[in-house]
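>>> below: sequence and its predicted model.
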Amino acid sequence: PTNSTHQLICWVSFVCAVFDRSGRYYGSYMENFLKGPRCEISNNRAENKIRPFTSPPSGPSHSVTHPNLPETPLVPKLSDAPVAVQEDVCRAAAKDLSSYLNDGSIIGTAWGRTMKSFANYVSDLGVHNVKVVQINGKTNETSVPVGADDLSQAIARAGHGEAYVIPAPVAVDSAEIAEMLKKERNISAALTLARECQIALFGVGNLSRNTILYRSGSLKEEDFIELEEKGAVGDVCTCFFDARGEAVSSSFAKRRISITLEELKKIPCKIGVASGLEKKEALHAALLGEYINILYADEELGKELIAI
C-alpha cells in the first residue's frame, strides 16, 4: 500500500500484518534469515545476532526486496489492545499457512490462547489429505477454554484431511502413570505420528501464574516453584526451557505427555506464533534453543528481540 511506512527488519521470519491508513488489511509478509552482509549468521548459535537494517531514506513509499523474498513493508502497531495485536499476528500467520503444506503433509499443533485465536483465521488450504496431530496432551478445558481441538479440526477441514488427538491430559499425577499412558495404543500412535510431522505450529508461553497451563491446574504450584528455581523462562508445547534455550528437567517434565524438545527440534518446519512484550525473554530463549525456525510476531516484540 502506498500510504504505509516501509522499513525492512532482518528477522527470523519476522511478520507484520499490512494495513493502510484507513485500516484496510492488505495481507501479510514474512522473511527467513537473510544471508547477506547486513545480517550476520554464525554456525555457533551463541554468536548469532539479529541485526536490523532499514531502507534508504527515499520516503515512506520505498521498500526493499531480496531475491528470495517478497517486498516487505513494516508498519506500526495499530492497537494497544493485546487481543487485537494477537489476532493481527494470527491472521497473518494463518494466511501464509498454505505455503508450508503439500498434499499428504503431517502438521502437529499445540494449544493455548494464541492457537485458539489462530483457529479463527484458518481457511481452505488448497491441499488434500493433510494429517493434523496434537503434539501435547490436553488441559482441563472445563475451567479454562483453550480450544485444544479447535485448531486441529480447523486445519484438518481446510486441508481436506483428518485430525488426530492425544486422548490424555497434558500432565498426570506421577511419572509412572505418564510412562504407562505413553505406551497405551492410541496415545502411542498419536505421539508416533507427532514425531513424523514435517511442520509444527505452536505458540510460545512464558513462566507465569497467569498462563492457561497454571490456571487450569495442569501446572501445580509446586511445579511452578521448582521450574522457577531451576531457571525456566518459558515453554513451547508445554516443554520448559531456561534462558539459554536448554530443556529444564523437572517433576512436571517427567509427568508430561507430549513430544520432547529434542523431538521438536527434529521437525523440519517449526512455526512459532507470538505477540506481546511479556513473551520477549521466552521467545529469545526459544530461538537460542532452535525450537523455532519460522516466527510470526508483532512489530513491537520483534524490535525488542532485535535489541537483545
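In hand now; what should we look at?
>>> measure the spatially closest residue to C239 that is not a sequence neighbour to S98 for me?
Closest residue to C239 apart from its sequence neighbours, by CB to CB, 6 or more residues apart in numbering: L261 at 4.7 Å. Every residue, glycine included, has its C-beta placed from N, CA and C. Using CB to CB, to the nearest Å, we find L261 at a distance of 27 Å from S98.
>>> which one of these two has more residues nearby?
L261 (22 against 16; other CB atoms under 10 Å).
>>> contacts only, for that one.
Under the criterion of CB atoms under 8 Å, 6 or more residues apart in numbering, the contact list for L261 reads 236, 239, 241, 247, 289, 291.
>>> apply 7 Å and report the result again.
239, 241, 247, 289, 291 (CB atoms under 7 Å, 6 or more residues apart in numbering).
>>> and it, what pLDDT?
The per-residue pLDDT reported for L261 equals 97.
>>> go on, K116?
Predicted confidence (pLDDT) for K116: 92.
>>> going on from the longest helix seen in the chain, what's the next piece of helix or strand?
Ordering each helix of the chain by length in residues (DSSP state H) puts helix 82-96 first. With elements assigned by DSSP states H and E, the helix or strand that comes after helix 82-96 is strand 106-109.
>>> and the contacts of that following strand?
Under CB under 7 Å, 6+ apart, the answer for strand 106-109 is 101, 115, 130-135, 151-152, 155, 193-194, 196-202, 267.
>>> if any of those residues are buried, put those into a PyMOL selection.
Buried members of the contacts of strand 106-109, defined by 16 or more other CB atoms under 10 Å, are picked up in PyMOL with:
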select buried, resi 101+115+130+131+132+133+134+135+151+152+155+193+194+197+198+199+200+201+202+267
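>>> so which of the contacts of strand 106-109 are in strands?
131-134, 199-202 (DSSP state E).
>>> mind putting those residues in CSV, pLDDT and distance to E87 included?
Formatted as CSV, those follow (pLDDT from 0 to 100; distance: CB to CB, whole Å):
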residue, pLDDT, distance to E87
K131, 98, 27
V132, 97, 22
V133, 97, 25
Q134, 95, 22
I199, 97, 22
A200, 97, 22
L201, 97, 16
F202, 96, 17
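>>> ok, of those residues, which one's closest to E162?
K131 (6.0 Å; CB to CB).
>>> what is the closest one paired to in the beta sheet?
Counting by DSSP bridges, K131 is bridged to I106, E162.
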